[in-house]
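**Q** One predicted model, sequence on top.
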Amino acid sequence: MSAKWEVVIGLETHAQLSTASKIFSGAPTAFGAEPNTQACGVDIALPGVLPVLNTGAVERAIRFGLAVGAKINSPSIFARKNYFYPDLPKGYQISQYEKPIVEGGTLTIQVGESEKTVRLTRAHLEEDAGKSLHEDFSGRSGIDLNRAGTPLLEIVSEPDMRSAEEAVAYARTLHTLVRWIDVCDGNMQEGSFRCDANVSVRLLGSKEFGTRREIKNLNSFRFLQQAIDYEVQWQISEIEDGRKIQQATVLFDPDSGETRMMRTKEDAHDYRYFPDPDLLPLEVSAERLAAVRAAMPELPEARRSRYMKEYLLSSYDASLITQSREWSEYFELAFQVLNADDKMVAAKHVVNWMSGELAAYLNRQEIDITRSVVSAPALGMLLKRNADGTLNNKMTKEVFAAMCAGEQGGDPDAIIAARGLKQISDSGEIEKIVDQVLAANAQQVADFRAGREKAFNSLVGQAMKATKGKANPQQVNEILRRKLSG
């Protein structure tokens, strides 16, 4: 990108709330059902039916608002957003406009080594539309209304992001948060968490925003990055070639890596919002607010700060193990079992193993931490055996591989016993072996004393070989050096 241009990005994120039923009806929200089997009279807009608000959706919206330090509006107002589309049975969508339930708030993101605070405009409750199906219908389209009425929280940021990298960091942080506080399962493949990116460019130093184009329904972080990068280059090229940007809604094609216009972009007045006459203003009592606040978990940012303060972890390491609530809880369980005197060293040991060997195993198996066959207590015990000298580093990795394969039920102590892997740490025993190695390798001893350091490594290797890798390497090194210098 040319240095004279600045990118301006704001995100609108639809998070499907994790309720068992829809926002205004008792129909289920489970994913994957046969088309049109989870839509009741309210969802398909039969005459005479009335919406009834789902309390669980309201409490999840409040939980999110508290998590981002926002204002919880009471009352908030439901409005009708009027537009025609085949998968919108009522001809309008129930949403919130002038007075949303959540107003303001901030989200702190990490971009490389830097932190940035992104302001939030609002988060409002609304119902999802149905889904148009364009395949396997012989040139026609089908309509599946299972999704109609599914509860959504639309989270709108201010245009504070200045690169695709910042937008992805924001989306990842938001994704972590909504899963952490259990308001959304975050399943992007199923459409539970999807982003619309509003992108514009302007000359560096300009105070006026450029004309934005909205990239709709991005359901992966990789696509979000690619779509914004392409759109930015396209807008700059258009402007530099003397053409004007037209406000529009565009789609991203992952196959071509390009965005293409779907329709010219509507403004708010095009939707003719007005308060929904079937729904009273939503009042949030002080008692309900207090109850939701009392049930809030420790938030990712607070936990990150605690890890940095208590265990002196770096910002990077603390962020690594708070990437999800499950990952963080795994760390804490493993750390408790390790139970070392030096908390800082123990915490770093667990982090290194989780981000190294454990992460590699999960990636190979294409599973997440919740499906790991190596439990957190088992990993903690394995690292304890490494710390107390039972296992050297090589043995520890061997036992971990056996745990991943399910040997001995994944019990590290049982694997150590079955394989005879206990490290030799008896100084007298190691000293005898070293004496034997020195007697059998007179030339290498002479080479070392003549200043050839490589000969020392060879002697260490001979001693480790003699013990089948079971000797404590540090003790072997110390005893060898003492005897060779004598």
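**A** That came in fine, so what should we check first?
**Q** roughly how far apart are the nearest residue in space to residue 189 that is not next to it in sequence and residue 480?
**A** Among residues not flanking residue 189 along the chain, residue 219 sits closest, at 7.1 Å (C-beta to C-beta, 6 or more residues apart in numbering). Just so you know, the C-beta spots here come from the backbone N, C-alpha and C atoms, and that holds for glycine as well. Taking C-beta to C-beta, to the nearest Å as the criterion, residue 219 is separated from residue 480 by 59 Å.
**Q** ok, now residue 152?
**A** When distance is defined by C-beta to C-beta, residue 152 is 67 Å away from residue 480.
**Q** Can you point out the buried residues in whichever strand or helix holds residue 229?
**A** Assigning secondary structure by DSSP states H and E places residue 229 in helix 221-240. Across helix 221-240, burial judged by 16 or more other C-beta atoms under 10 Å covers 221, 223-232, 234-236, 239.
**Q** Same drill for residue 219 and residue 480, tell me which one is more crowded.
**A** residue 480 (22 against 16; other C-beta atoms under 10 Å).
**Q** Contacts only, for the more buried one.
**A** 434, 438, 456, 459, 460, 463 (C-beta atoms under 8 Å, 6 or more residues apart in numbering).
**Q** Then residue 317?
**A** Residue 317 neighbours (C-beta under 8 Å, 6+ apart): 307, 348, 351, 355.
**Q** so which of these is the most crowded?
**A** Busiest of those [other C-beta under 10 Å] is residue 307, holding 25 neighbours.
**Q** Check the offset of the one helix or strand that residue maps to from the chain's centre.
**A** Assigning secondary structure by DSSP H and E places residue 307 in helix 300-311. Offset of helix 300-311 from its chain centre (C-alpha atoms, centre = their mean, to the nearest Å): 17 Å.
**Q** Where do the strands of the stretch 51-200 of the chain begin and end?
**A** Using DSSP state E, counting those that start in this stretch, the strands of the stretch 51-200 of the chain run over 71-72, 79-82, 92-95, 102-103, 106-111, 114-127, 131-133, 142-144, 151-157, 193-203.
**Q** just checking, what packs against the third one?
**A** With contacts taken as 3 or more C-beta pairs under 8 Å, 6 or more residues apart in numbering; DSSP states H and E, strand 92-95 sits against strand 79-82, strand 114-127.
**Q** Neighbouring strands - and their directions - for that strand?
**A** strand 79-82 (antiparallel) (DSSP bridges).
**Q** how about the strand it pairs with: buried residues?
**A** Buried, per 16+ other C-beta under 10 Å, within strand 79-82: 79, 80, 81.
**Q** same check, this time on stretch 4-21
**A** Here stretch 4-21 shows 5-19, 21 as buried, counting by 16+ other C-beta under 10 Å.
**Q** ditto for stretch 162-182
**A** 163-164, 166-171, 173-181.
**Q** do the same with stretch 306-320
**A** Within stretch 306-320, the residues scored as buried using 16+ other C-beta under 10 Å are 307, 311, 313, 317, 318, 319, 320.
**Q** Next: stretch 291-305.
**A** Those would be 292, 299, 300, 301, 303, 304, for stretch 291-305 by 16+ other C-beta under 10 Å.
**Q** Now the first one. Nearest residue, chain neighbours left out?
**A** It stands for residue 292. residue 62 (4.8 Å).
**Q** same check, this time on the fourth one
**A** Distances taken as C-beta to C-beta, 6+ apart put residue 108 closest to residue 301, at 6.0 Å, once the chain neighbours are dropped.
**Q** Quick check, the one you found in contact with residue 116.
**A** Yes: using C-beta atoms under 8 Å, residue 108 is in contact with residue 116, at 7.2 Å.
**Q** Please name the residues that touch residue 17.
**A** Counting by C-beta under 8 Å, 6+ apart, residue 17 has contacts 23, 56, 57, 60, 61, 151, 152, 153, 183, 184.
**Q** residues contacting the closest residue to it other than its chain neighbours?
**A** Nearest non-adjacent residue to residue 17, counting by C-beta to C-beta, 6+ apart: residue 151, 4.2 Å away. By C-beta under 8 Å, 6+ apart, the contact list for residue 151 reads 16, 17, 19, 22, 23, 29, 54, 57, 60, 125, 127, 128.
**Q** how much space between the residue positioned nearest the centre of the chain and residue 221?
**A** Geometric centre of the chain, nearest residue: residue 176, 4.4 Å, by C-alpha atoms, centre = their mean. Noted for residue 176: a distance of 12 Å to residue 221, by C-beta to C-beta.
**Q** Report pLDDT for the closest residue to residue 19 other than its chain neighbours.
**A** Among residues not flanking residue 19 along the chain, residue 56 sits closest, at 4.3 Å (C-beta to C-beta, 6+ apart). You'll see residue 56 listed with a pLDDT of 97.
**Q** likewise the one 4 residues further on?
**A** At residue 60, the predicted lDDT confidence score is 98.
**Q** which residues touch the closest residue to it other than its chain neighbours?
**A** Using C-beta to C-beta, 6+ apart and skipping the chain neighbours, the partner closest in space to residue 60 is residue 183 (4.0 Å). Contact analysis of residue 183 by C-beta under 8 Å, 6+ apart lists 15, 17, 18, 60, 61, 63, 64, 153.
**Q** tell me the pLDDT at residue 183?
**A** Looking at residue 183, the pLDDT reads 97.
**Q** Please consider this matter closed, and thank you.
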